[in-house]
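>>> please work out how this folds:
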Amino acid sequence: MTAIGLLGGTFDPIHLGHLVLAETARESFGLEKVIFMPAGQPPHKQRAVAAAHHRLRMVEMAVADNPYFAVSTLEIDRPGPSYTVETVAALQRDRPEAAWYLIIGSDALAELPTWHEYRRLLELVHVLAAARPGSELVLPPVLAGWSAGITLIYPPAIDISSTAIRARARRGLSLRYLVPERVASYIREKGLYCGETQDGGA
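All right, here's what the predicted structure looks like:
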């Protein structure tokens with residue numbers, strides 16, 4: 001059975017931590033592909049700073065040199081909030097022969113019981129949950145009955161956050177070694193994260 005990973009997120013912006021997580025999951029579980037899924041309107045987070053087309057373009061540039069990575073616009077194209085269970089159901093309709101692996105971080109694992117139709121989601125995917133640097137990954141008690149479908153993974157420790165990257169961009173500081181160079185150049189060229197506007201330039 002074909003195994004496909006799904007890594008969703010706001011990616012505001014995508015950074016090396018996201019890429020290392022995806023590659024660790026791919027290599028550890030023999031995934032044929034890892035699909036990066038930029039969120040259009042994430043229901044659990046505040047509104048994205050950069051517009052969807054900018055975030056999508058940065059993801060496309062970040063994964064372009066890895067033949068095992070792909071990008072989907074499914075959630076960006078869908079109006080309204082992006083619910084992971086609906087995304088997975090749509091992907092499964094297109095690839096019913098595939099086994100789907102949802103790649104998430106420890107913060108998302110803790111919040112998983114609050115996700116829309118999370119029980120149905122856990123019936124559709126195997127969850128790969130990654131520990132953050134310096135933290136111990138603990139399965140929320142409410143998910144104990146689903147432990148067979150949740151695997152903890154430990155990617156190399158890279159303590160990078162999109163929030164910190166945006167703060168550096170606002171201050172005009174270097175983003176080298178935090179994001180792919182093409183992404184850093186795009187952020188500079190478009191003036192992303194320098195002001196308070198949502199569209200981040202043309």
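
>>> and residue 182, that's in a helix?
Yes. If the criterion is DSSP: H, G, I helix; E, B strand; the rest coil, then residue 182 is within a helix.

>>> rank the helices and strands of the chain by mean pLDDT and give me the bottom one.
Least confident helix or strand of the chain, by mean pLDDT, DSSP states H and E, is helix 106-111 with a mean of 89.

>>> show me what counts as buried in that helix.
For helix 106-111, the neighbour count (16 or more other C-beta atoms under 10 Å) marks 106, 108-110 as buried. Glycine gets a C-beta too; all of them are placed from N, C-alpha and C.

>>> with stretch 147-166 instead?
Those would be 150, 152-153, 155, 158, 160, 162, 165-166, for stretch 147-166 by 16+ other C-beta under 10 Å.

>>> ends of it, what's the gap?
Stretch 147-166 has an end-to-end distance of 35 Å (criterion: C-alpha to C-alpha, to the nearest Å).

>>> quick one: distance of that stretch to the chain centre.
10 Å (C-alpha atoms, centre = their mean, to the nearest Å).

>>> stretch 106-114 too?
14 Å.

>>> contacts for it?
44, 104, 118, 127, 129-132, 135, 137, 139-140, 142-143, 150 (C-beta atoms under 8 Å, 6 or more residues apart in numbering).

>>> alpha carbons only: can I get it in PDB?
Taking Å, rounded to 0.1, in the frame of the first residue of the first chain, the C-alpha atoms of stretch 106-114 are listed here in PDB:
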ATOM      1  CA  SER A 106       3.600  18.300  19.900                       C
ATOM      2  CA  ASP A 107       1.500  21.400  20.300                       C
ATOM      3  CA  ALA A 108      -1.000  20.200  17.700                       C
ATOM      4  CA  LEU A 109      -1.100  16.800  19.300                       C
ATOM      5  CA  ALA A 110      -2.100  18.400  22.600                       C
ATOM      6  CA  GLU A 111      -4.900  20.300  20.800                       C
ATOM      7  CA  LEU A 112      -6.100  17.400  18.700                       C
ATOM      8  CA  PRO A 113      -9.100  16.600  20.900                       C
ATOM      9  CA  THR A 114     -10.400  20.100  20.100                       C
END
